[in-house]
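>>> let's see this in three dimensions:
(one chain, ligands or ions: 1)
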Amino acid sequence: MASGAGSNFQALLAQIEAKRLNAVCSFLIVNNKNCGAAQIAIANGIPVYHISSVTHPDPLEYEQAFLDVLKKHEIDFLVLAGYMKKLTNSLLMHLKNRILNIHPSLLPKFGGQGFYGRRVHEAVLAANQGWSGATVHLVSGEYDNGLILGQSMVPVFINDTPDTLAARVLVAEHNLYWKTLRDYAASLGY
Ligand code: GAR
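Numbers count the residues shown, from 1 in each chain. Sure thing, here's the model as predicted:
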């Protein structure tokens with residue numbers, strides 16, 4: 001699931017393509033049908049589902065739309081790569097402990113509601129942190145909460161801007177996500 005530029009999604013696909021990550025990407029769910037991630041999925045022949053409060057204004061239909069996708073495609077893990085909406089309870093229950101998210105900070109620092117994308121890096125710089133980084137964690141009902149599966153540290157430089165820091169953290173994200181997914185899946189016997 002993604003709704004941004006899709007660089008993490010692309011990085012995961014590249015590891016699958018290189019056969020370093022033994023996986024198949026069955027589908028992509030987006031919250032915004034014009035996002036970069038959707039374009040990447042289309043270019044790779046991956047089915048894209050657009051589910052949002054615009055496509056499904058009725059909350060029950062919204063919730064059902066996710067379950068319909070899961071009914072159609074049997075999956076082992078749901079991977080959030082720049083997906084900013086809270087997941088529905090039924091989705092969380094359906095895939096308990098098998099939904100992963102990546103966050104551009106060293107959680108639990110700079111996480112929670114309101115901390116996403118650029119805002120995270122602005123907050124890290126405002127707090128004069130010497131280090132930032134990326135975290136992969138299991139998704140629980142709360143924003144950026146849930147068991148931490150992997151982290152990668154990135155230095156913060158004195159002349160960093162939110163954009164330069166974001167770019168450095170993004171590289172760490174791309175290196176961290178597939179390895180963490182691989183190791184977590186292996187720990188569950190996949
Ligand atoms: C990534 O930095 C990801 O960690 C962040 O959104 C960006 C998406 O970039 N996610 C969050 O902030 C979640 N709270 P991408 O679309 O290029 O992968």
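
>>> and the biggest helix by length in the chain, what does it pack against?
Counting by DSSP state H, the longest helix found in the chain is helix 162-187. On a contact count with 3 or more C-beta pairs under 8 Å, 6 or more residues apart in numbering; DSSP states H and E, helix 162-187 meets helix 7-17, strand 99-103, helix 118-126, strand 131-138, strand 148-155. In this view, the C-beta of every residue, glycine as well, is placed from N, C-alpha and C.

>>> I'd like these as a markdown table, with distance to the ligand appended.
What follows is these, written out as a markdown table (distance: least, C-beta to the nearest ligand atom, whole Å):
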| stretch | distance to the ligand |
| --- | --- |
| helix 7-17 | 3 |
| strand 99-103 | 5 |
| helix 118-126 | 6 |
| strand 131-138 | 7 |
| strand 148-155 | 11 |
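
>>> okay if I get those as JSON lines plus mean pLDDT?
Putting the helices and strands packed on helix 162-187 into JSON lines (pLDDT from 0 to 100) gives the following:
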{"stretch": "helix 7-17", "mean pLDDT": "98"}
{"stretch": "strand 99-103", "mean pLDDT": "97"}
{"stretch": "helix 118-126", "mean pLDDT": "97"}
{"stretch": "strand 131-138", "mean pLDDT": "98"}
{"stretch": "strand 148-155", "mean pLDDT": "98"}
